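Chemist: Build the 3D model from these lines:
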Amino acid sequence: MGAVSSRRTERLLNLVICLAATRRWLTKEQIRAAVPQYADCDTAEAFDRMFERDKEDLRDLGIPVVTGTDERWFDDEPGYRIDRDDYALPPIELDAQELAVVGLASRVWQQASLAGPAARALTKLTALGVDTDEDMAGLEPRIRTAEPAFGPLYAATRDRQAVTFTYRKPNGEAAVREVEPWSVASRNGRWYLIGRDRGRGASRVFRLSRIESDVKRRGRAGTYEIPEDLDAQSMIGKHVPPADDRIATVLLRAGRGAGVRRASVASIPAADRPGWDELQIRIGDAGMLAQSLAGLGPDAVAVQPADLRAEVVRLLRGAAAAQAGARTDLTAGQVRVG
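Modeler: Next comes the predicted model:
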């Protein structure tokens with residue numbers, strides 16, 4: 001049932017993109033040629049039935065599919081499109097907290113825009129002589145994260161193609177892994193790859209922030225199957241360690257690190273550092289806290305525990321090394337992209 005629902009959802013999305021991509025009326029034949037899933041219909045009657053169902057489904061969802069004619073056609077040949085004025089949202093006023101939620105959602109929906117069949121639908125419309133609008137921002141499903149590995153892993157998961165990368169375990173040990181990606185999922189603000197580790201011959205969960213190299217593809221696409229009963233969230237729950245309940249001592253320059261401050265359980269002016277505050281913070285996720293502190297640069301100091309301090313130092317040294325490498329490239333007159 002899940003696979004059928006997924007195909008239907010993709011077909012409806014492609015139909016929306018097709019009907020919203022132009023302000024011209026589209027005939028049924030143009031729509032059938034542009035939406036890839038309609039090619040599965042063996043007869044015109046089967047296509048008509050599927051299209052009528054899809055059209056009504058979209059209207060039930062509140063998407064204004066309207067019917068009309070173009071003066072270049074005969075009156076008895078109807079055309080279809082989405083009324084953009086009715087489809088557009090009215091002005092919305094949000095408070096600060098609601099804006100923060102919307103901002104988070106917009107960051108999650110930014111990657112792989114109009115990928116696969118949807119992009120081909122627009123290409124086919126262009127080939128049919130239909131002018132398509134450049135601006136499809138309202139229909140672009142994108143996912144953007146701070147993890148460089150996300151894009152390559154998302155694409156490899158979609159294509160069912162194995163990948164290799166260097167992965168650092170929580171104890172600091174790093175090794176090259178060869179993995180068949182099954183899913184990329186988020187949990188508690190962290191992104192994870194779920195897949196089959198070929199070297200270990202078993203399923204594994206990898207945190208994207210611990211991938212330390214470029215993700216490289218191996219072999220051909222479509223060479224393995226993703227388990228039909230895959231439950232990514234359940235697998236993440238089994239592999240992700242419980243929250244770290246230890247209390248960390250952190251120094252922050254006054255007026256800096258608002259996000260870190262919100263997580264503190266106590267804060268006092270630092271005794272021996274004027275203009276600094278001493279915070280007590282429940283660690284929760286040591287890696288996430290270390291990244292937050294390292295991101296503040298000279299405005300934050302991890303005092304204890306020792307492993308948190310060591311991780312912040314490691315991140316800062318890595319950033320310094322990367323910056324030094326970038327300066328070397330510029331000095332040599334080279335620009336490295338990627």
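
Chemist: my read: Arg32 touches Tyr38, true?
Modeler: Yes - if you go by Cβ atoms under 8 Å, Arg32 and Tyr38 touch, sitting 4.6 Å apart. (Glycine included, C-beta is placed from N, CA and C.)

Chemist: more neighbours, those two?
Modeler: A count of neighbours by other Cβ atoms under 10 Å puts Tyr38 above the other of Arg32 and Tyr38, at 21 against 17.

Chemist: tell me the domain boundaries of this protein?
Modeler: Domain assignment for the chain, taken from automatic domain parsing, gives 2-139, 150-239, 244-330.

Chemist: Would you map the strands across the stretch 151-300 of the chain?
Modeler: Secondary structure of the stretch 151-300 of the chain (DSSP state E, counting those that start in this stretch): strands at 162-168, 174-187, 190-197, 202-207, 216-218, 244-253, 264-269, 276-284, 300-304.

Chemist: How far away from the center of its chain is the fifth one?
Modeler: Computed by Cα atoms, centre = their mean, to the nearest Å, the chain-centroid distance of strand 216-218 equals 20 Å.

Chemist: what's that strand packed up against?
Modeler: Applying 3 or more Cβ pairs under 8 Å, 6 or more residues apart in numbering; DSSP states H and E, one finds that strand 216-218 contacts strand 162-168.

Chemist: what comes up buried for the strand it packs on?
Modeler: For strand 162-168, a neighbour-count test (16 or more other Cβ atoms under 10 Å) marks Ala162, Val163, Thr164, Phe165, Tyr167, Arg168 as buried.

Chemist: would you turn those residues into JSON lines with pLDDT and distance to Ile226?
Modeler: Shown next, in JSON lines, are the buried residues of strand 162-168 (pLDDT from 0 to 100; distance: Cβ to Cβ, whole Å):
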{"residue": "Ala162", "pLDDT": "96", "distance to Ile226": "12"}
{"residue": "Val163", "pLDDT": "97", "distance to Ile226": "14"}
{"residue": "Thr164", "pLDDT": "97", "distance to Ile226": "19"}
{"residue": "Phe165", "pLDDT": "96", "distance to Ile226": "19"}
{"residue": "Tyr167", "pLDDT": "95", "distance to Ile226": "20"}
{"residue": "Arg168", "pLDDT": "89", "distance to Ile226": "26"}
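
Chemist: and which of these is nearest Val313?
Modeler: Proximity of these to Val313 (Cβ to Cβ) peaks at Arg168, which lies at 14.9 Å.

Chemist: so the closest one bridges to which residues?
Modeler: Legend: beta-bridge partners of Arg168 under DSSP bridges are Ala174.

Chemist: does it really touch Arg210, like I thought?
Modeler: Yes - between Arg168 and Arg210 there is a contact at 4.8 Å, judged by Cβ under 8 Å.

Chemist: for the protein, what are the low-confidence residue spans?
Modeler: 1-6, 70-76, 84-146, 188-189, 322-338 (pLDDT under 70).

Chemist: try 50 this time
Modeler: Across the chain, the ranges flagged by pLDDT under 50 are 1-4, 100-101, 103-115, 134-144, 330-338.

Chemist: what about the closest residue to Gln161 other than its chain neighbours, neighbour count?
Modeler: Distances taken as Cβ to Cβ, 6 or more residues apart in numbering place Ala221 nearest to Gln161, at 4.3 Å, with adjacent residues excluded. Number of residues near Ala221 (other Cβ under 10 Å) recorded here: 13.

Chemist: Then Ala39?
Modeler: Ala39 has 10 neighbouring residues, counting by other Cβ under 10 Å.

Chemist: can you check Ala270 too?
Modeler: 18.

Chemist: so it touches Trp276, yeah?
Modeler: Yes - if you go by Cβ under 8 Å, Ala270 and Trp276 touch, sitting 4.1 Å apart.
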